[in-house]
Structures are given as C-alpha cells and as structure tokens.
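Novice: pasting a predicted model and its sequence here:
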Amino acid sequence: MPTVLLTRPQEEIPKDTQIFKRFGFEVVSLPLIGFEEVEFAPPRLEEFDYLYFGSKRGVRFFLKKVKEIPPSVRVIAVGEKTAEELRKRGVEPFKVLKGSSKDLVELAKEGKLQRGKILAITPKEYIKSIHLVEEWGFGLKVLPVYRTVFIRYPLSVVESAVIKSDIIIFTSPSTFMSFLENLQNRKELLDTKIIVAIGKTTAGAIEVRGFKVSFIPSRPNTEVLAKELMEELDGSKGKDIKG
C-alpha cells in the first residue's frame, strides 16, 4: 500500500485519515499549521454590498464577533467547505466560487458581478491579487480575522515522517512553507517523494521554490484527491508518476 503524509491542521487529520484509508492508502500525519484569532473591530456591514469569505476559518472567526449579517449584504464563499460553514450558521451564500480570490477577480473583470463595495474576510497572510477587483470599479476593504501559525518539530520527527511516506500531500501554501522550515537542510529527502497539491494555488507556491508537483486533483476536495490519486497510481502500473 502506498503511504501518504498528511500535513494539514490537526482538526482535519482524523477525517482525512479515514478517507485515504478507505481508498487503500496507509497514512502518516504531521500537522504543520494552526490558527490564531486576530483582534478586529466589528465593521458596519450595512456599508458594504458584498461579504467575501475565502475560507471556513474566516467564517468561524468572523461570526464569533459578528452575530448577524444584514439581508442586503450578499455573501460570497470560496469553496464548498466555506459554504457549508456558512449554512451551518444560517447564512446562504449568494455565490460559491471554486478556487480562490482569483475567481472573484474574474467575475469582476467579466462584468458578471454588479459593482459595489466588498468586505473581504481573510487571514493576516492573504493573497494580494484580490485587490485587482478595484481595477474593475469595486470598492474593497480587507479585514484579517486570523493568522496562520507554523508548528515546529524536532528534525528527527520530520525526517522519520518523510522517510515512512511515499507521497506528501500539501493543502495550502502555508503547509508547504511550514514543511520547508521544519525540513531545514534535509531537502534532498524530497527527491524520491511524490508531491501532491490540493489545487493550483498550492502547486504554484511549491513549484516557484523549485520543487515538482506530480499530481493535482480535478477539484480541491480530499475525497476527490484520494480517489483520483489512487486511480493515477493504479494506472501507472508501477511507473513513477513523478514523471
């Protein structure tokens, strides 16, 4: 059985472990990031036309302080998990985007979103390309409500996890950056590993640092990833999918 190394936050590891095992993988886990709340003053939502959430954590941290969203404010979510988090709290998204803030920019560019003022709920380390909506006549206020923190391990723990694994799964640029910091000067350990990214944004963050991404699923979803990755491995019939 191929062994995957899961690097996402601890809260998501148990569910992902079950999914990967169901598709025939062995699992090693090394949670590499966590999250902390950033202090913020609740804004006057009635001043905005759109409320943008880039992640489910943004929903959680924001709605801890802001208990009600005015019906006049249209909510935009990135990804089904973010949309699900909103629905749990009684908020039905106006639009659900597939990938990232780049999709929001595309809507603005193509005229598929009525111009207005956007409040974007983000982590402190957000993708700056969201500001491109301003070039298409939208107002934008970015409100960071949480920060990503890297989890540090002794080098021996990281080495052991990598050596046991055939495949390393990265679900965000932050998981990869934390991984590199933990790996220190042992980057050659990746030479024989299959590197998998959950989506194009994560893949870009990996490849810009000189590492090859061997697999990206058709959708940024753990179940889709596990299923398609096993199909790819079965189809390769022992060939190296690293290419």
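Specialist: Happy to help now that I have it.

Novice: by contact count, what packs against the longest strand anywhere in the chain?
Specialist: Ranked by residue count and defined by DSSP state E, the top strand of the chain is strand 139-150. Judged by 3 or more CB pairs under 8 Å, 6 or more residues apart in numbering; DSSP states H and E, the packing partners of strand 139-150 are strand 33-37, helix 56-65, strand 117-123, helix 173-183. From N, CA and C alone the C-beta is placed, and that goes for glycine too.

Novice: figure out which of those is closest to Arg209.
Specialist: helix 173-183 (7.2 Å; CB to CB).

Novice: Lys95 and Ile76 touch, don't they?
Specialist: Yes: counting by CB atoms under 8 Å, Lys95 does reach Ile76; the two are 4.9 Å apart.

Novice: so which of those two has more stuff around it?
Specialist: The residue with more neighbours, out of Lys95 and Ile76, is Ile76; 23 against 17, by other CB atoms under 10 Å.

Novice: per-residue confidence at the most centrally placed residue in the chain?
Specialist: The chain has Ser172 as the residue nearest its centroid, 4.3 Å off, counting by CA atoms, centre = their mean. pLDDT recorded at Ser172 is 91.

Novice: ok, so what distance separates Gly139 from Ile118?
Specialist: Gly139 is 7 Å from Ile118, where distance means CB to CB, to the nearest Å.

Novice: compare those two and say which is more crowded by neighbours.
Specialist: A count of neighbours by other CB under 10 Å puts Ile118 above the other of Gly139 and Ile118, at 23 against 15.

Novice: pull the distance from stretch 151-171 to the chain's centre.
Specialist: How far stretch 151-171 lies from its chain's middle: 19 Å, per CA atoms, centre = their mean, to the nearest Å.

Novice: ok, the residue nearest to the residue nearest to the centre of the chain when sequence neighbours are not counted - contacts?
Specialist: Using CB to CB, 6 or more residues apart in numbering and skipping residues adjacent in sequence, the residue nearest Ser172 is Thr202, 5.7 Å away. Neighbouring residues of Thr202 by CB atoms under 8 Å, 6 or more residues apart in numbering: 170-173, 175-176.

Novice: many thanks, we can stop here.
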